[in-house]
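Asker: just need the structure, nothing else, for what follows:
(chains A, B and C)
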Amino acid sequence: MNAPSTLPADFLRSSIWAANLGADTLARVESEVLERSVPGGGVVCRKGSPVDYWVGVIEGLVKISSVSAEGKSVTFTGVRAGGWFGEGSVLRTTAWGYDAVALRDCRVALMPRATFHWLLETSIEFNRFLLEQLNERLSLFIGMLESDRLLEPEARVARCLASLFNPHLYPGGGRDLQISQEEIGYLSGVSRQRVNQALHVLGQAGLLRVAYGGVTVLDLPALGAFGS
DNA sequence: TCATTAAATTGTT
DNA sequence: AACAATTTAATGA
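Answerer: As a prediction, the model looks like this:
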C-alpha cells in the first residue's frame, strides 16, 4: 500500500524549489541537508527553541500548533509529505514561534540555516518558490480566520483537507491521502465524532470518498469553497 | 496461502 | 467519553 520509502536525495530532487537548480548547487544542498526520524507524538521543533533548520517532511504528517499559557492548543496547519515549513522563522527570527509535532512516525529533512540563506542569495528560482509558498500560506491563514469563527464543522473539515491537497505546498501528492479521522480532528480542531459525520456529508456531496484510514478527493475546488 | 490474533480505525450512543 | 463493529497488519502453520 505504501510507496517505497523515499531517499533524502530523491526527496530533495522532487521538491519544486529544487527543479531549476544547477547540478552542483543541488549537490551542495544534498550534502548539507540532514535526515531525522521522529516517532509519532514526538516534537519536530518546540516553541522558543532556536531555529537551526528549514524543515521538509519526507514521510508522515506534522501538526503546526501553539499552546497558550493556560494549556489551550491552537492548530495552524498540517504539513504532509512533500511539504516544507519554517521559512518564515528562518528568515525573520531566531526562535520558533510555534510547535511542530509528528502526528505519526515521520522522517524529516533538515536544511541548515546557512544553506537556506545561501540558496536565498544565489538562486532566483528559490526566491520565486519562497514567494509563492509564503503567498499560499497567507491565503490559507486568511481563509482560516473566516472559517474558524463563521463556519460549521463540515466546512472546517473540508477546508482543512483541501489545504492538505494544495498543489503548491505539497506537489505531486495525488488525490489520495492516508489520514485517520482522529488525525483530521487534531488538524481541524473538531472532535473525531464530528469529523466522522462531516466526512459522510462531504462524501454524500460527492466532494470526496472516504475509505478506511484515508480519503480520496474528488472535487478539490468545491472542497475548499465548501460552506461559503 | 490460509487461519488466528492483536491492533488500529470507524461508527454509534 | 465509552463501546461495539469493522478493517488492517502480524504471526505461524
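
Asker: the host helix or strand of A:Leu187 packs against which elements?
Answerer: Using DSSP states H and E, the element containing A:Leu187 is helix A:181-188. Packing contacts for helix A:181-188, counted by 3 or more CB pairs under 8 Å, 6 or more residues apart in numbering; DSSP states H and E, involve strand A:61-67, strand A:73-80, helix A:153-164, helix A:192-204. Any C-beta I mention is one placed from the backbone N, CA and C, and that applies to glycine too.

Asker: helices and strands of chain A: which one has the lowest mean pLDDT?
Answerer: helix A:8-14 (a mean of 86; mean pLDDT, DSSP states H and E).

Asker: beyond that one, next helix or strand please.
Answerer: With DSSP H and E, the next secondary element past helix A:8-14 is helix A:23-32.

Asker: now that next one: buried residues?
Answerer: A:Thr25, A:Leu26, A:Arg28, A:Val29 (16 or more other CB atoms under 10 Å).

Asker: cool, stretch A:43-54 as well?
Answerer: A:Val44, A:Cys45, A:Val51, A:Asp52, A:Tyr53, A:Trp54.

Asker: give me the contact list for that stretch.
Answerer: A:34, A:38, A:55, A:62, A:66-67, A:84-87, A:89-90, A:93-102, A:106, A:108, A:110-113, A:116 (CB atoms under 8 Å, 6 or more residues apart in numbering).

Asker: restrict that stretch to CA atoms and write it as CSV.
Answerer: C-alpha atoms of stretch A:43-54 as CSV (Å, rounded to 0.1, in the frame of the first residue of the first chain):
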residue,chain,number,x,y,z
VAL,A,43,8.4,17.0,18.7
VAL,A,44,10.0,18.2,15.5
CYS,A,45,10.6,21.7,16.9
ARG,A,46,9.5,23.4,20.0
LYS,A,47,8.2,26.9,20.5
GLY,A,48,11.0,29.1,21.8
SER,A,49,13.9,26.8,20.7
PRO,A,50,16.4,28.1,18.2
VAL,A,51,15.6,27.9,14.5
ASP,A,52,18.5,26.0,13.1
TYR,A,53,16.8,24.4,10.1
TRP,A,54,14.3,24.7,7.4
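
Asker: okay, now the domains of chain A?
Answerer: With domains defined by automatic domain parsing, chain A comprises A:8-138, A:152-225.

Asker: okay if I get the ones you listed as TSV plus distance to A:Leu145?
Answerer: Listed next are the domains of chain A as TSV, based on distance: least, CB to CB, whole Å:
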stretch	distance to A:Leu145
domain A:8-138	11
domain A:152-225	11
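
Asker: of these, which is nearest DNA strand B?
Answerer: Nearest to DNA strand B among the domains of chain A is domain A:152-225 (3.4 Å), distances taken as CB to the nearest atom of the strand.

Asker: isn't A:Asp99 right up against A:Ile64?
Answerer: Yes: using CB atoms under 8 Å, A:Asp99 makes contact with A:Ile64 at a distance of 7.5 Å.

Asker: centroid-nearest residue for chain A?
Answerer: By CA atoms, centre = their mean, the mean C-alpha position of chain A lies nearest to A:Val79, the distance being 1.6 Å.
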